[in-house]
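Student: Need coordinates for the below:
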Amino acid sequence: NPPLGLAYIAAAVKEAGFRYRVIDGTGEALDAVSPYPDRGDFMVQGLSLEEIVRRIPPESEVVGLSCMFSTLWPLTKRLALRVREKFPRVLLVLGGEHGTAVPDHVLNNSPFDVVVLGEGEETFVELLRARAEGKPLGRVGGIAFRDGGQVVKTGLSVRKKDVDAIPLPDWDSFPIEEYVARHQINGINLGRSMPILGTRGCPFQCTFCSNPAMWTQRWIARDPKLLADEMELYLKKYRATNFDFQDLTAIVKRQWIVDFCRELIRRGLAVTWQMPSGTRAEVFDEEVADLLYRSGCRALAFAPESGSPEILKIVKKQVHLDKLLVSMRAAVRRGLKLSCFIVIGFPDDTPATLRQTLRLIGKMALLGVHDVAVSKFVPYPGSELFVRLQREGRIQLDDEFFVSPMDFYTKKAPSYAGAVSTSRLYRTMVAMFVTFYVISFAVRPLRVLRALAKAVLTGTEETRYAKWFVDRFYTRRRWRKLAGGAAH
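Tutor: Now for the predicted structure:
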């Protein structure tokens, strides 16, 4: 995906008046594909680590790297080692969710000098000012750093309440056209797509999510008119016709989503938008569904996570399943392409709770939900369940653990559920996928065939399974060719 977080950081640095250079290791070489180090079954897209280091200006004083997902930590650490080797005197800074979750591990096992904790725009600028003025790191809030043999933390970055005052992402410093032209984004392909944020944070406290440690439980929405202004800007400047909202959960307050939809309808921008990362369904009804569709929304995702009320309570997922099914029905009836996220193998899952989830999946298929994503639970660093499993001695913080989430669709991914073996969890996952799509095809065969045909013939994707089909049989084939047959 285009690195939205870094684009915001770049804009903040620019507004503060510092000279900087962006090196987008992925976007500057989207057609370069190579095997992941020590893992031939995964591929890395973008510049090599050596090429990235060569592009760093020799006069650089501070080098900042982002690591949003722990699966990228081994690569990030390798890059940091190469940067340190060539630039022994620069201040090496890590930002993103991974460092926020495990700052001690980062500082004790890599050459990073500083970790930005939490929301980064103001903290990183404050860090740059402190360095320029010769102030000690201890006077900068929202960071962790090494002081001799100790790791010092100055607390989580204070959340910015006035999100409308944050400068818009500095996409001019990134190869954004390369992403847009290739549709390198996580939503379904609805045209020339740009990533965007309408809200920041999430007010909930699911124990499997790292959000509370990164963003706290504060949900802050942007002004609907200013958000629509940004969309209109990208429509004119980048010829964007679709917007992928990267919010943790955009629909929390009913009035906000109603006002935003009405603003888009009033402007008549003739664009589409989607929420591929998921959103809440508590305020979702037929009126909201209608406004979403009329404003251009075409796809979204809900996250029931489990079909077991017992498991939902344990993981603090505040979902009422019967009401969620009503919201699903409203979305499907209005023509919205709906995906649902399921997680199996929570530490307290049992064969009985998994059967409850399987029944929920069957109900979703009958209702007309378009896609389901069933993932095996992995303990995200920074989450409450991660802390619990670490306390129980079931987690070893090493590169193998951090890479392991990429295995969750394979037989290799371990089960953290004491009552469910690894092999049984894998079979259950396969059974859930098969159940959902067999029922979907049996009940609505023409809808499935139309979606696949449209994806193949036009490149426009209506559903995640159409996106998977294109990625599997076209993108991977192209990547194998680019990588000289190294991909699997």
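Student: can you list the weak-confidence ranges in the stretch 201-350 of the chain?
Tutor: Scanning the stretch 201-350 of the chain for pLDDT under 70 picks out no residues.
Student: so where do the strands sit in it?
Tutor: All strands of the stretch 201-350 of the chain, identified by DSSP state E, counting those that start in this stretch, fall at 220-221, 242-245, 272-275, 297-305, 337-344.
Student: Which stretch among these approaches Pro351 most closely?
Tutor: Nearest of the strands of the stretch 201-350 of the chain to Pro351, taken as CB to CB: strand 337-344 at 11.0 Å. Yep, even glycine has a C-beta here, placed from its N, CA and C like the rest.
Student: Report all helices and strands that the closest one contacts.
Tutor: Packing partners of strand 337-344 (3 or more CB pairs under 8 Å, 6 or more residues apart in numbering; DSSP states H and E): strand 297-305, helix 321-333, helix 351-367, strand 371-376, helix 422-443.
Student: Show me what that strand is in contact with.
Tutor: Residues outside strand 337-344 that contact it (CB atoms under 8 Å, 6 or more residues apart in numbering): 188, 208, 274, 276, 278, 298-307, 328, 331-332, 354, 357, 360-361, 364, 368-377, 425, 428-429, 432, 462-464.
Student: got the angle for that strand vs helix 422-443?
Tutor: 160 degrees (axes from the mean of the first three to the mean of the last three CA atoms, to 10 degrees).
Student: starting at the chain centroid, how far to strand 337-344?
Tutor: Relative to the chain's own centre, strand 337-344 is displaced by 15 Å; criterion: CA atoms, centre = their mean, to the nearest Å.
Student: go on, stretch 235-253?
Tutor: Remark: stretch 235-253 is offset 14 Å from the chain centroid, using CA atoms, centre = their mean.
Student: Could you do stretch 136-155 as well?
Tutor: 28 Å.
Student: what mean pLDDT does that stretch have?
Tutor: What stretch 136-155 shows for mean pLDDT is 94.
Student: Now stretch 56-71: buried residues?
Tutor: For stretch 56-71, the neighbour count (16 or more other CB atoms under 10 Å) marks 56, 62-71 as buried.
Student: and those, which two are the farthest apart?
Tutor: Farthest pair in those (CB to CB) is Val62 and Thr71. Separation: 25.6 Å.
Student: so which of the strands of the stretch 201-350 of the chain gets nearest Ile439?
Tutor: strand 337-344 (13.5 Å).
Student: Okay, Ala7 and Pro347: tell me how far apart.
Tutor: As judged by CB to CB, to the nearest Å, Ala7 and Pro347 stand 36 Å apart.
Student: residues contacting the residue nearest to Gly296 when sequence neighbours are not counted?
Tutor: Using CB to CB, 6 or more residues apart in numbering and skipping residues adjacent in sequence, the residue nearest Gly296 is Thr272, 4.7 Å away. Neighbour list for Thr272: 190-191, 241-243, 296-298 [criterion: CB under 8 Å, 6+ apart].
Student: Narrow these to just the buried residues.
Tutor: 190, 241-243, 296-298.
Student: How many residues are close by Lys363?
Tutor: Counted with other CB atoms under 10 Å, residues neighbouring Lys363 total 14.
Student: can you tell me which residues contact the nearest residue to it once chain neighbours are set aside?
Tutor: Counting by CB to CB, 6+ apart, Lys363 lies nearest to Leu325, which is 6.4 Å off, once chain neighbours are set aside. By CB under 8 Å, 6+ apart, Leu325 lies in contact with 363-364, 367.
Student: Now with 10 Å, please.
Tutor: 281, 302, 304, 360, 363-364, 367, 369 (CB atoms under 10 Å, 6 or more residues apart in numbering).
Student: Widest-spaced pair of the residues you listed?
Tutor: The span of those, defined through CB to CB, is set by Ala281 and Lys363 at 14.6 Å.
Student: quick one: secondary structure of Gly40?
Tutor: The three-state assignment at Gly40 reads strand, by DSSP: H, G, I helix; E, B strand; the rest coil.
Student: How confident was the prediction at it?
Tutor: Value listed for Gly40 in the pLDDT field: 71.
Student: now Trp479
Tutor: 58.
Student: same check, this time on Gly393
Tutor: 93.
Student: what's the neighbour count on it?
Tutor: Applying other CB under 10 Å, we find 7 residues neighbouring Gly393.
Student: likewise Tyr409?
Tutor: The burial count assigned to Tyr409 is 15, neighbours taken as other CB under 10 Å.
Student: now swap in the one 3 residues further on and tell me
Tutor: The local packing count at Lys412 equals 12, with neighbours defined by other CB under 10 Å.
Student: Over to Gln150?
Tutor: 9.
Student: Run through the bridge partners of it.
Tutor: Assessed by DSSP bridges, Gln150 has beta-bridge partners Asp147.
Student: Make 13 the first number, not 1, from now on.
Tutor: That works, and once the first residue is 13, the last one we named lands at Gln162.
Student: Please report how far it lies from Ser169.
Tutor: Applying CB to CB to Gln162 and Ser169 gives a distance of 21 Å.
Student: do the same with Ile68
Tutor: As judged by CB to CB, Ile68 and Ser169 stand 25 Å apart.
Student: go on, Gln196?
Tutor: The spacing between Gln196 and Ser169, counted by CB to CB, is 29 Å.
Student: Comparing the two, which residue is more hemmed in?
Tutor: Comparing Gln196 with Ser169 by other CB under 10 Å, the one with more neighbours is Ser169, at 25 against 16.
Student: Now do the contacts for the more buried one.
Tutor: 107, 112, 128-136, 138, 152-155, 226-228.
Student: Can you list phi and psi of Glu412 for me?
Tutor: With angles defined as degrees, to the nearest 10, Glu412 sits at phi -60, psi -40.
Student: so what's it up against?
Tutor: By CB under 10 Å, 6+ apart, the contact set of Glu412 is 50-51, 86, 419.
Student: List the contacts of Thr253.
Tutor: 192, 202-206, 246-247, 281-285, 308.
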